[in-house]
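Asks: 3D model of this:
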Amino acid sequence: MNRRTCVILSSCLILLCAGCSGQEEAPPEPAETNQSATEAAGADTADVPAAEQEPAPIRQPIPAPEPTPAAASTPISDPTPAPAPVAKPGESIEVAATKAGLTRIGDAKCKMCHKIQHASWAESSHAGLDPVLDCESCHGPGSEYKKMSIMKNREQALAAGLVQPEASFCKNCHADDWSDDLLAAVHEHKPAS
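Replies: Numbering: from 1, shown residues only. Here you go, the predicted structure:
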């Protein structure tokens, strides 16, 4: 091989390698400064028959990089997790029944004897919840302790399913705003006789 063919092949190899690496680089200048590579290629091809001439390398365009989304469109997350809700919307909140088979009787029946408590409860935010946080939500289903004879005897009422809610039950919802006076102030009570 003569020197001009080596220069042409070297140039083609450099161009081919640059195309494979995904970068377009200009071929390095040949060591000779008195004659350019294109002049050498032109003179060289005149001496070589057309069948033996190397085809010019095909340059493929390099695809443009994918645009990155703008930082402003990325939502910023709050590093502090939100507290888990105690009850899902529409789900009732109530104390656990103390025995099996108890059923709810409804706050209208409680109101018949507990007018003062019911009136103050009806003005509270508990009455406005959906579903409502009513008498039996806090005191348990009343089917067994609703009789006046049972209600007059605290031990019998508790044995029949009456619940005196404790702060731990209230703190299920009032975790952040709890104070011990909330339990006594949830509704009015009859004055002691």
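
Asks: worst-scoring helix or strand of the protein, pLDDT-wise?
Replies: helix 37-47 (a mean of 50; mean pLDDT, DSSP states H and E).

Asks: same for the helix or strand following it, what does it pack against?
Replies: Next helix or strand after helix 37-47 toward the C-terminus (DSSP states H and E): helix 107-111. On a contact count with 3 or more Cβ pairs under 8 Å, 6 or more residues apart in numbering; DSSP states H and E, helix 107-111 meets helix 115-122, helix 135-139. To be clear about C-beta, it is placed using only N, CA and C from the backbone, and glycine gets the same treatment.

Asks: make CSV out of the ones you listed and add mean pLDDT, mean neighbour count and distance to residue 94.
Replies: Formatted as CSV, these follow (pLDDT from 0 to 100; neighbours: other Cβ atoms under 10 Å; distance: least, Cβ to Cβ, whole Å):
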stretch, mean pLDDT, mean neighbour count, distance to residue 94
helix 115-122, 92, 16, 15
helix 135-139, 92, 21, 4
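
Asks: of all those helices, which lies closest to residue 159?
Replies: helix 135-139 (14.1 Å; Cβ to Cβ).

Asks: per-domain residue ranges of the protein.
Replies: 3-52, 107-185 (automatic domain parsing).

Asks: just give me the lowest mean pLDDT stretch among these.
Replies: When the domains of the chain are compared by mean pLDDT, domain 3-52 comes last with a mean of 56.

Asks: related to what we said a few turns ago, now the helices and strands packed on helix 107-111 in a markdown table, please, with extra columns for distance to residue 166.
Replies: As requested, the helices and strands packed on helix 107-111 are arranged in a markdown table below (distance: least, Cβ to Cβ, whole Å):
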| stretch | distance to residue 166 |
| --- | --- |
| helix 115-122 | 18 |
| helix 135-139 | 10 |
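
Asks: quick one, which of those is nearest to residue 190?
Replies: Of the helices and strands packed on helix 107-111, the one closest to residue 190 (Cβ to Cβ) turns out to be helix 115-122, at 5.6 Å.

Asks: alpha carbons only: can I get that closest one in CSV?
Replies: What follows is helix 115-122, C-alpha atoms only, in CSV (Å, rounded to 0.1, in the frame of the first residue of the first chain):
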residue,chain,number,x,y,z
LYS,A,115,-82.5,15.4,78.6
ILE,A,116,-79.7,17.7,79.9
GLN,A,117,-76.9,15.5,78.5
HIS,A,118,-78.7,15.1,75.2
ALA,A,119,-79.4,18.8,74.7
SER,A,120,-75.7,19.7,75.3
TRP,A,121,-74.5,16.9,73.1
ALA,A,122,-76.9,18.0,70.3
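
Asks: what number of residues lie near residue 91?
Replies: Using other Cβ atoms under 10 Å, residue 91 has 9 neighbouring residues.

Asks: before we move on, what about residue 187?
Replies: Around residue 187 there are 19 other residues, counting by other Cβ under 10 Å.

Asks: that one touches residue 120, doesn't it?
Replies: Yes - between residue 187 and residue 120 there is a contact under Cβ atoms under 8 Å: 4.4 Å.
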